[in-house]
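# return atomic coordinates for the entry below.
(2 chains)
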Number of protein chains: 2
Amino acid sequence: MEGKVEQELGSQNHHHHNHPCVEISMEIHKVETPPKRSSLQKLKNRLKETFFPDDPLRQFKGQSAKQKWLLGFQYIFPVLQWGPHYDLNLLKSDVVSGLTIASLAIPQGISYAKLANLPPIVGLYSSFVPPLVYAVLGSSKDLAVGPVSIASLLMGSMLRQEVSPAQDPLLFLQLAFTSTFFAGLFQASLGFLRLGFIIDFLSKATLIGFMAGAAIIVSLQQLKALLGITHFTKEMGLVPVMSSVFHNTKEWSWQTILMGFCFLVFLLVTRHISMKKPKLFWVSAGAPLLSVVVSTLFVFAFKAQHHGISVIGKLEQGLNPPSWNMLHFHGSHMGLVLKTGLITGIISLTEGIAVGRTFAALKNYQVDGNKEMIAIGVMNVVGSTTSCYITTGAFSRSAVNHNAGAKTAVSNIIMAVTVMVTLLFLMPLFQYTPNLVLGAIIVTAVIGLVDIPAAYQIWKVDKFDFVVMLCAFFGVIFISVQEGLALAVGISIFKMVLQMTRPKTVVLGNIPGTDIFRNRHQYKDAVPVPGFLILSIQAPINFANSNYLNDRILRWIQDYEEEEEENIKMHSSLRFVVLDLAAVSAIDTNGVTFVQELRRVLEKKGVELVLVNPVGEVMEKLKKADGTHDLLQPNVLFLTVGEAVSSLFSSMKGVSSSHV
Amino acid sequence: MEGKVEQELGSQNHHHHNHPCVEISMEIHKVETPPKRSSLQKLKNRLKETFFPDDPLRQFKGQSAKQKWLLGFQYIFPVLQWGPHYDLNLLKSDVVSGLTIASLAIPQGISYAKLANLPPIVGLYSSFVPPLVYAVLGSSKDLAVGPVSIASLLMGSMLRQEVSPAQDPLLFLQLAFTSTFFAGLFQASLGFLRLGFIIDFLSKATLIGFMAGAAIIVSLQQLKALLGITHFTKEMGLVPVMSSVFHNTKEWSWQTILMGFCFLVFLLVTRHISMKKPKLFWVSAGAPLLSVVVSTLFVFAFKAQHHGISVIGKLEQGLNPPSWNMLHFHGSHMGLVLKTGLITGIISLTEGIAVGRTFAALKNYQVDGNKEMIAIGVMNVVGSTTSCYITTGAFSRSAVNHNAGAKTAVSNIIMAVTVMVTLLFLMPLFQYTPNLVLGAIIVTAVIGLVDIPAAYQIWKVDKFDFVVMLCAFFGVIFISVQEGLALAVGISIFKMVLQMTRPKTVVLGNIPGTDIFRNRHQYKDAVPVPGFLILSIQAPINFANSNYLNDRILRWIQDYEEEEEENIKMHSSLRFVVLDLAAVSAIDTNGVTFVQELRRVLEKKGVELVLVNPVGEVMEKLKKADGTHDLLQPNVLFLTVGEAVSSLFSSMKGVSSSHV
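Okay, here's the model as predicted:
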């Protein structure tokens, strides 16, 4: 029997170099339906996979009630987990890293607050309270919490659409706090409702393009400080900023430019050193504070503020004042405030979670995304009532924290205490700090967001992702920060939907000497089986693609028939269309109708439709829809393509020999 | 060798009833990369699959230039294809069916125009010019063209949002023609740009829910005519209509109700007869015209118009006047007109294409969706310049056409000629036609859109689709026609995206006696292989799901380890995670990073990641991204799960025996 089929296959295949030889396993295996589950069970399972893919309650299974309470508290307050085991050695490491990030946090805090059009001291307030909250609630050991450049830029630029920070600073501040409140509320809700996967829609390509664009926008804004221009545009885009710069050339101050250039070069060189040798992290970590100190002394000594160098000026002193009375929950700016909260909330969440995951992977511990969202959200809600604006885990500062040897969230506490000391006693020292040094600090911080190697990698791997990246980049630079982001996300989702609308169908052939069937395009050895068209569909079949699949399969059949006409010798007209459904993970009512219709159409052509290896759900639905079970008869339903071909080939032989 | 492995597998598996026996084929097959193609070729291919899945230019291949021109003309004007072969026999069939659908088209045309708040005669105009245009351009042999209920309802209700048809009838008419123009332009562009797949996003479930909801809304509107109410609400929803009906009970006219009830029952009975016996199609096809004639005579004879029965009144006479001077391309209502054109265009297109496809499948010929769209679009553009409002292929009338034996589009010409005769000579006869009979005709026509068996079938097959259907249905009834539709489409797409975000991963086991591996949940026989976790991922891996997959796979590993702890006897800790990538049809940069990260994380646990059967694109991208090709070493990349397991199992045995 086996020999005969092989002969038959061989004799019909003179025009091919390789003779296919389908091994016949005499045993044909049945396709099974999975055990029955009620719709409710299915729904439950679906909801679990959607909202609890990481099964956070696993650790509670089989524990005593007391233990469950303890674990529950530890789950909410991770400090209870590591706190009891804390010792002097850990503290030593944390003090070093805490002081290091504080030296970075103080100048950056002041700079980023200015980027958000807020009073500089708000940046320091925001480096005091939120790190303390995070130390109690957060589960990352490396995250350094505080204001970040992109969220600051976004908040500043969005709120400025309706309120001028120069003309109405108090209202602007109130709106900033209110936006922060909503951002926090939104972040915490995402985590609490287990909707954290929403930030997954910001793909790597989107983020790289967006970050690079935002870095350029932020750097452009620093031209004001670095060139000493006083009448600077209020807009953000590349075009208005550049035209503003070159229309005000007479405002350029050579003293500012010279001094700014020197500090910028100094900061970039220290950054470069630390990047080359991660052990020298303290070089770039200490440089900003050193620059502030040196430049302030310089201005103070030479009275440079009278020679065209603008300085921060007098700052308030003291700890965060309460600000809950400054939150607005009604009024004309509510729409803007909600939108700003939403967008800055998502962006800062994305950064915080990504940073947390990166360092967790390096140190081989787990970070629960949804729980981190709650921690970051609560931190921002608390922050908004204590004069802080939006904060999150900052990438650059966390890297320094990690390199400096941070062991636990205590490094955040050390940093907060240092900032507190600054707020209480050192604020007058910043009076003569020149704005140009803040600009240079910001440029140095954001320049790392332009990740050329990553962009090149994306170009190499996936051209479409590269296009998405470019859209985000140019969208941010030429349109606006938030619209560029929306554009890139839209295109990413559009690609996904398009992929679903036009799924791949590939023709399979037999790999000689085996019963394996593979894509004939990929495996040049694979040979067709005369009389069979074997197709693999590689996507769920649903309303969006069933018409396409119909067209495409009919085209494959036409291709087969044309090929056949060209090779008269083949003399085996199409008898079976075999659909390998292994990769069809789901089907809907349109999909079921498509399969039924396809069977009917093929039948009219005298061709039989054979299904192979449907997965459980597909099997169930075909069964339910198909009263007569015509699609699921044992002679047209097989477990593997090999079994289908060998079984049908022998039956075909029977027919053709009786005809001869 | 084979025996040893089987023994080894067996001895480690005491706790299972079935001993797995992986057949070792000594030959291990190489995973191949598809032949190289440039990015341009890939783009070309992608575009072809997206826009030309049916390869409409296939017939032009290898033809002479002259032949190509002829085929080209025939492609644009299908009449050139069937025209030359037209004969008397075909004409006989077409005359019968043409007269039959004319008898339906005349009363329905008048009724649907009233549904759209347009003068009744516009409904007849729209049954004259468009069928003639379609006869030349259309490729369906069964489509009966004219106004349809849902598009009429939509246009009437949307335009009424801004302009009152009672107070400003001329402007309303102008806007209706302009909307029709844009609908046609939009339809033709969709076809021309090969974007026809957009209508695929209206899934079967959405359409069934939407149609049923719209039928109820349309029927509710007929309560005005059937109850004789004069002060009827202008709104569409169930709630306002019912409250309007019961707040105006004193306006109810018993004469109207009685007469309306009689005709409604008569029409429903004839409809029922034709449905039971399709050969008696003429019963329901002739009934509307008969009702119009009888009711008109009745009113005329008994002067019933003076006894509370409202009649159509005087109608104009003559053929379609030109209306291009009535099209508005600027002004305050442009937004509404564009929106109305877009929505009515898509909805009527959906109906027309679906009807065309249905009857083409019945008669076994092909209808090119994109070309049909151009035909319907041109028909509406031409219509809008000759006093016609939106038209398409109507389902009920096409069914009658088909049953009456229509052979070609000539039946549409016969119908148009009959309507022309009516327009020229018979219009005064309609003066005494009572509105109630038009209401009864509409109710009878739309009642068939409520498809209970189809809804039950959806419930049986796919619960989620059923929810989508309910959303469309209740959305249309309680919110508004267009918003209900948008809601259902939104939910359908959301489901698709969610499916992508949470792809299925299943654990495979070996089916005893074979080298086949299948889902252990579906195939109860399938047994695990100790030391191996074999997973199949059933979706493209991309930004939206790579985080989820990471969580999910780590959870599978935890499950494995827990199971292992429970079965100490098994004493085979996890050594290999085998990912079957056969169903991963695509991957993006996030996906590639996920695979690389997973390998790194597993390595730290002392577990090796093994990839099986990646498709061409995935193989290429992994290769490009992975400088060192760690992922694609021959010892961790296999063609089938069977080969992977047998090969690795023997290597594992080597290691463990050297330890012992």
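# state the pLDDT value of A:Gly98.
A:Gly98 carries a pLDDT value of 92.
# so what's A:Thr230 up against?
By Cβ atoms under 8 Å, 6 or more residues apart in numbering or on different chains, A:Thr230 lies in contact with A:Glu251, A:Ser310. No exception for glycine: its C-beta is placed from N, CA and C like everyone else's.
# could you say what helices and strands the lengthiest helix in chain A packs with?
Counting residues, the longest helix found in chain A (DSSP state H) is helix A:334-363. The contact analysis (3 or more Cβ pairs under 8 Å, 6 or more residues apart in numbering or on different chains; DSSP states H and E) places helix A:334-363 against helix A:149-159, helix A:169-192, helix A:369-384, strand A:392-393, helix A:395-403, helix A:481-501, helix B:589-604.
# okay, these, which one's buried deepest?
Among these, ranked by average contacts under mean count of other Cβ atoms under 10 Å in any protein chain shown, first place goes to strand A:392-393 (a mean of 30).
# list the neighbouring strands of it plus their orientation.
Using DSSP bridges, the strands paired with strand A:392-393 are strand A:145-146 (antiparallel).
# show me what counts as buried in the longest helix of chain A.
Neighbour-count burial for helix A:334-363, counted by 16 or more other Cβ atoms under 10 Å in any protein chain shown, picks out A:336-337, A:340-361.
# quick check: angle from it to helix A:169-192?
50 degrees (axes from the mean of the first three to the mean of the last three Cα atoms, to 10 degrees).
# distance from helix A:334-363 to the middle of the chain?
11 Å (Cα atoms, centre = their mean, to the nearest Å).
# tell me the angle that helix makes with helix A:481-501.
Going by the same axes, to 10 degrees, helix A:334-363 makes 70 degrees with helix A:481-501.
# using JSON lines, lay out the helices and strands packed on helix A:334-363 together with mean pLDDT and distance to A:Ala301.
Shown next, in JSON lines, are the helices and strands packed on helix A:334-363 (pLDDT from 0 to 100; distance: least, Cβ to Cβ, whole Å):
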{"stretch": "helix A:149-159", "mean pLDDT": "91", "distance to A:Ala301": "31"}
{"stretch": "helix A:169-192", "mean pLDDT": "94", "distance to A:Ala301": "31"}
{"stretch": "helix A:369-384", "mean pLDDT": "93", "distance to A:Ala301": "37"}
{"stretch": "strand A:392-393", "mean pLDDT": "93", "distance to A:Ala301": "38"}
{"stretch": "helix A:395-403", "mean pLDDT": "85", "distance to A:Ala301": "30"}
{"stretch": "helix A:481-501", "mean pLDDT": "86", "distance to A:Ala301": "39"}
{"stretch": "helix B:589-604", "mean pLDDT": "89", "distance to A:Ala301": "51"}
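# distance to B:Ala205 added to these, as CSV?
CSV is the format used below for the helices and strands packed on helix A:334-363 (distance: least, Cβ to Cβ, whole Å):
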stretch, distance to B:Ala205
helix A:149-159, 39
helix A:169-192, 30
helix A:369-384, 32
strand A:392-393, 41
helix A:395-403, 45
helix A:481-501, 16
helix B:589-604, 30
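# and A:Pro428, which of the ones you listed is closest to it?
helix A:169-192 (21.3 Å; Cβ to Cβ).
# where does pLDDT dip in chain A?
A:1-27, A:567-571, A:628, A:653-660 (pLDDT under 70).
# got the domain ranges for it?
For chain A, automatic domain parsing gives the domain ranges A:2-32+A:502-659, A:89-243+A:309-451.
# how many neighbouring residues does the nearest residue to A:Ala539 once chain neighbours are set aside have?
Leaving aside its chain neighbours, A:Ala539 sits nearest to A:Pro503 (3.2 Å; criterion: Cβ to Cβ, 6 or more residues apart in numbering or on different chains). A:Pro503 has 23 neighbours, counted by other Cβ atoms under 10 Å in any protein chain shown.
# assumed A:Pro503 was part of a helix.
No: counting by DSSP: H, G, I helix; E, B strand; the rest coil, A:Pro503 is not found in a helix; it is coil.
# OK, contacts around it?
A:Ile537, A:Gln538, A:Ala539, A:Ile541, A:Asn545, A:Tyr548, A:Leu549, B:Ser585.
# can you give me the helices for the stretch 501-650 of chain A?
Along the stretch 501-650 of chain A, counting by DSSP state H, counting those that start in this stretch, helices occupy A:546-566, A:589-604, A:616-625, A:641-659.
# out of those helices, flag the one nearest B:Val467.
helix A:589-604 (12.0 Å).
# the longest helix of chain A to helix B:589-604, inter-axis angle?
40 degrees.
# what angle do helix A:369-384 and helix A:334-363 make with each other?
Using the same axes, to 10 degrees: helix A:334-363 against helix A:369-384 is 130 degrees.
# which positions in the stretch 401-550 of chain A make contact with chain B?
Residues of the stretch 401-550 of chain A found near chain B (Cβ under 8 Å from any Cβ of the partner chain) are A:457-458, A:460-465, A:492-493, A:496-504, A:506, A:511, A:513-514, A:516, A:518-519, A:521-524, A:538-540, A:542-548.
# those residues, buried ones only, as a ChimeraX selection?
In ChimeraX, this line selects whichever of these come out buried by 16+ other Cβ under 10 Å:
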select /A:457,458,461,462,464,465,492,493,496,499,500,501,502,503,504,506,511,513,514,516,518,519,521,522,523,538,539,540,542,543,544,545,546,547,548
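# tell me who's in contact with A:Ala135.
Counting by Cβ under 8 Å, 6+ apart, the residues that A:Ala135 touches are A:Val79, A:Ala409, A:Val410, A:Asn412, A:Ile413, A:Ala416.
# residues in contact with stretch A:65-77?
Stretch A:65-77 is contacted from outside by A:Pro56, A:Gln59, A:Phe60, A:Gln63, A:Leu80, A:Gln81, A:Val136, A:Leu137, A:Lys371, using Cβ under 8 Å, 6+ apart.
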